[in-house]
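Novice: here is a sequence together with a model predicted from it:
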Amino acid sequence: MRVGILGGTFDPPHIGHLVIADQAHAQLKLDRVWFTPVGQPPHKEGSRVSLAHHRVNMTKLAMGGNLNFEICLVDVERPAPHYTVDLFEILLQKYPQHEFSFIVGADSLIDLPHWQRPRRLLEIARFGVAHRPRYIPDLADLEAKLPGIGQRIEWVDTPLTDLASHDLQRRAREKLPLRYVVTHDVADYIREQNLYK
């Protein structure tokens with residue numbers, strides 16, 4: 001089975017995540033996209049991150065019963081630190097019959113050389129990369145830092161959305177509408193659970 005892994009804090013999950021997942025599913029010819037909430041994102045240490053169960057619940061709501069989407073709890077159920085390469089090592093052990101693609105935005109691709117063990121990550125997963133506004137990767141520079149990366153990338157043509165979870169948190173705090181940027185169920189959950197206050 002060909003599985004796309006869409007990891008993220010999902011705090012909250014928004015329409016941009018759903019668009020990327022849907023387009024990656026179709027264009028990369030994936031059997032499923034697994035939304036994989038990060039347990040404790042290392043790059044957000046010191047930042048306020050909602051409890052994992054809230055982020056998992058919102059992610060399930062956001063998926064809205066789409067049969068192409070599933071939730072993967074491997075990352076939130078394992079001890080920290082939560083590095084992506086370790087997640088993929090675990091997935092390979094648990095599901096050796098699957099072929100994994102890591103779905104990321106161009107902004108993450110640019111930062112990849114600074115991740116934990118990026119060469120190993122490139123060995124065990126292909127990358128489905130979605131374009132992001134204002135982020136244009138320098139592929140020659142990436143190839144110099146991570147030889148062979150060009151062969152591991154498949155581009156995903158997605159409508160450009162410039163949504164950021166931290167901005168949606170601010171909007172929730174200021175009681176601004178979240179309609180059309182998160183699903184109706186996620187907006188209700190944020191309000192009912194009094195998140196981001």
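Specialist: Right, received. Where do you want to start? None of these values were measured; they are calculated from a predicted model.

Novice: which element follows the helix or strand of the chain with the lowest mean pLDDT toward the C-terminus?
Specialist: For the chain, counting by mean pLDDT, DSSP states H and E, helix 106-111 ranks last in confidence among helices and strands (a mean of 92). Proceeding N to C from helix 106-111, the next assigned helix or strand is helix 118-124, under DSSP states H and E.

Novice: now residue 180: closest residue in space, sequence neighbours ignored.
Specialist: residue 15 (7.2 Å; C-beta to C-beta, 6 or more residues apart in numbering). C-beta here means a position set from N, CA and C on the backbone, and glycine is covered the same way.

Novice: and for residue 133?
Specialist: Using C-beta to C-beta, 6+ apart, the nearest residue to residue 133 is residue 162, at 4.6 Å.

Novice: which outside residues touch the strand or helix carrying residue 22?
Specialist: Counting by DSSP H and E, the element that carries residue 22 is helix 15-27. Applying C-beta atoms under 8 Å, 6 or more residues apart in numbering, the set of residues contacting helix 15-27 from outside is 4, 6, 8, 10, 30, 32-33, 35, 62-63, 66, 68-69, 101, 103, 105, 128, 130, 154, 156-159, 161, 163, 180-183.

Novice: and that helix, how far out from the chain's middle?
Specialist: 11 Å (C-alpha atoms, centre = their mean, to the nearest Å).

Novice: next secondary structure after that helix?
Specialist: strand 32-37.

Novice: avg pLDDT for that following strand?
Specialist: Across strand 32-37, the average pLDDT comes to 98.

Novice: tell me what that strand is packed against?
Specialist: strand 2-8, helix 15-27, helix 52-63, strand 69-71 (3 or more C-beta pairs under 8 Å, 6 or more residues apart in numbering; DSSP states H and E).

Novice: so which of these is nearest residue 144?
Specialist: strand 2-8 (25.9 Å; C-beta to C-beta).

Novice: which strand or helix spans residue 128?
Specialist: Going by DSSP H and E, residue 128 is in strand 126-130.

Novice: who touches that strand?
Specialist: 4, 20, 23-24, 27-28, 99-106, 109, 137, 149, 152-156, 158.

Novice: of those, keep whichever come out buried.
Specialist: 4, 20, 23-24, 28, 100-106, 109, 137, 149, 152-153, 156, 158 (16 or more other C-beta atoms under 10 Å).

Novice: so where is the chain shaky, pLDDT-wise?
Specialist: 41-47 (pLDDT under 70).

Novice: ok, residue 189 touching residue 60?
Specialist: No - contact between residue 189 and residue 60 fails when scored by C-beta atoms under 8 Å: they sit 9.8 Å apart.
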